[in-house]
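# whatever this is, show me its structure:
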Amino acid sequence: MYFCRKYKTLNLTIIGNSSASPRPDRRPSCQALEHNQSVFLIDCGEGSQFQLIRYHQKLRNIDHILISHLHGDHFYGIIGLISTFYLNKRIKPLHIYSNEKLKSIIDIQLEITETILSFPIIYHDLVPAKSEVIFESETLLITAFPLNHRIPTHGFYFEEKSLMNNASENKSFAYCSDTLFDPTIAEYFQNVSLLYHEATFGDEKVESAALKFHSTASQAGEIAKLANAKQLIIGHFSAKYNDPNILLDQAKCIFNNTEIATEGKYYAI
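Next up is the predicted model:
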C-alpha cells in the first residue's frame with residue numbers, strides 16, 4: 001500500500017474508449033483521473049501517450065498506472081509511455097498496480113533495448129479474485145475488486161476520505177473494465193458518484209457477450225441501477241458499432257443518466 005499527503009479533488013478525462021479491434025475514430029481503453037495534480041492513469045492501451053498529449057495531460061504528473069488486466073488493448077501502450085518518461089529524464093518513482101506478470105513483460109523489453117531507467121518502478125501486485133485496498137492517503141482510498149473475465153481482471157474504486165466536511169459530500173469513481181454481467185460487483189461501489197462500465201455489445205448480442213465474458217449496454221445500466229450510481233458512462237465498444245449512440249439508447253432505457261465515455265470528455269466529479 002502506498003501512502004501520501006495531499007488535498008481533495010477528483011477529475012476524470014477519457015483518453016480512449018474502444019475495445020480490442022482498432023478503429024480510426026476510437027482508441028483503446030485509457031482514462032486519466034486527477035487527484036490534486038497527481039494523475040492516476042487507468043489502463044494504457046496502444047497509443048495512449050499520443051492521446052494524453054492530444055488532450056493536454058501533463059505526462060510528468062502521472063505517478064500511478066493501474067492496469068485492469070493483461071489483454072493488449074488495456075496495456076500495450078505502457079512500455080512506450082515508460083520510454084518517454086526515460087527520454088524526458090524522469091527521476092521520481094512510478095507506481096504500477098497490475099497482475100504480477102506485467103513486471104516480466106516490461107523487464108524483457110527494457111533488457112532487449114538495453115534501457116536503464118533513470119527512475120524506479122514500484123510494482124504493486126493485484127491478487128486475483130480478491131478485493132483489497134491498494135492505495136491510501138489522507139484524502140483518497142483506492143480499492144481493487146475482482147471482475148468476471150477470461151483472465152484475472154480487476155475494477156477500481158476511487159473514494160474521497162472525510163476530513164472535516166460531511167462524508168455525504170465525498171466524491172467517488174468506479175471503473176469496471178472487461179467483465180461478464182455480474183450483479184454482485186455493485187456491492188463494491190454503492191452510491192458511487194460516477195460509474196464507468198464496459199458496454200462492448202448491444203442487447204442483440206447478449207449471447208455473444210456472455211461467451212466472450214463481456215457486457216451489453218443494458219447490463220451496464222443494470223449495474224448502475226443496482227449500485228445506486230449518480231451517473232453512468234459507457235465505453236469499450238466493439239468495432240462493429242459505427243455509431244455508439246445505439247448502445248447509449250439501450251443503456252438509457254435501464255438507467256437514464258447515462259453518457260458515452262467520449263474521448264477527450266472531462267468530468268469534474
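# could you report the neighbour count for Ile53?
A total of 12 residues lie near Ile53 under the criterion other C-beta atoms under 10 Å. (Each C-beta comes from the backbone N, C-alpha and C, glycine too.)
# how about it, what does it touch?
Under the criterion of C-beta atoms under 8 Å, 6 or more residues apart in numbering, the contact partners of Ile53 comprise Leu59.
# that one and Phe158, how far apart?
Ile53 is 24 Å from Phe158, where distance means C-beta to C-beta, to the nearest Å.
# so what does the longest helix belonging to the chain touch, helix or strand wise?
Counting by DSSP state H, the longest helix found in the chain is helix 101-112. In this structure, helix 101-112 makes packing contacts with helix 78-87, strand 94-98, strand 121-125, judged by 3 or more C-beta pairs under 8 Å, 6 or more residues apart in numbering; DSSP states H and E.
# direction included, what does the last one pair up with?
Using DSSP bridges, strand 121-125 pairs in its sheet with strand 94-98 (parallel).
# on that earlier part again, so which of the helices and strands packed on helix 101-112 is the most packed in?
strand 94-98 (a mean of 22; mean count of other C-beta atoms under 10 Å).
# so it versus helix 101-112, what angle?
Per axes from the mean of the first three to the mean of the last three C-alpha atoms, to 10 degrees, the angle that strand 94-98 makes with helix 101-112 is 130 degrees.
# beta partners of the residue nearest in space to the middle of the chain?
Taking C-alpha atoms, centre = their mean as the criterion, Ile42 is the residue nearest the geometric centre of the chain, at 3.5 Å. Here Ile42 sits in beta bridges with Gln31, Leu66, as judged by DSSP bridges.
# residue contacts, it?
Contacts were defined as C-beta under 8 Å, 6+ apart; by that measure Ile42 touches 30-33, 66, 68, 156, 175.
# those into a markdown table, with extra columns for neighbour count and distance to Thr13?
Written out in a markdown table, the entries for these read as follows (neighbours: other C-beta atoms under 10 Å; distance: C-beta to C-beta, whole Å):
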| residue | neighbour count | distance to Thr13 |
| --- | --- | --- |
| Cys30 | 30 | 10 |
| Gln31 | 25 | 7 |
| Ala32 | 22 | 5 |
| Leu33 | 24 | 8 |
| Leu66 | 27 | 15 |
| Ser68 | 28 | 17 |
| Phe156 | 28 | 16 |
| Tyr175 | 26 | 13 |
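# sort out which residues of the helix or strand that contains Phe135 are buried, please.
In the assignment (DSSP states H and E), Phe135 maps to strand 132-136. Buried residues in strand 132-136, counted by 16 or more other C-beta atoms under 10 Å: 134-135.
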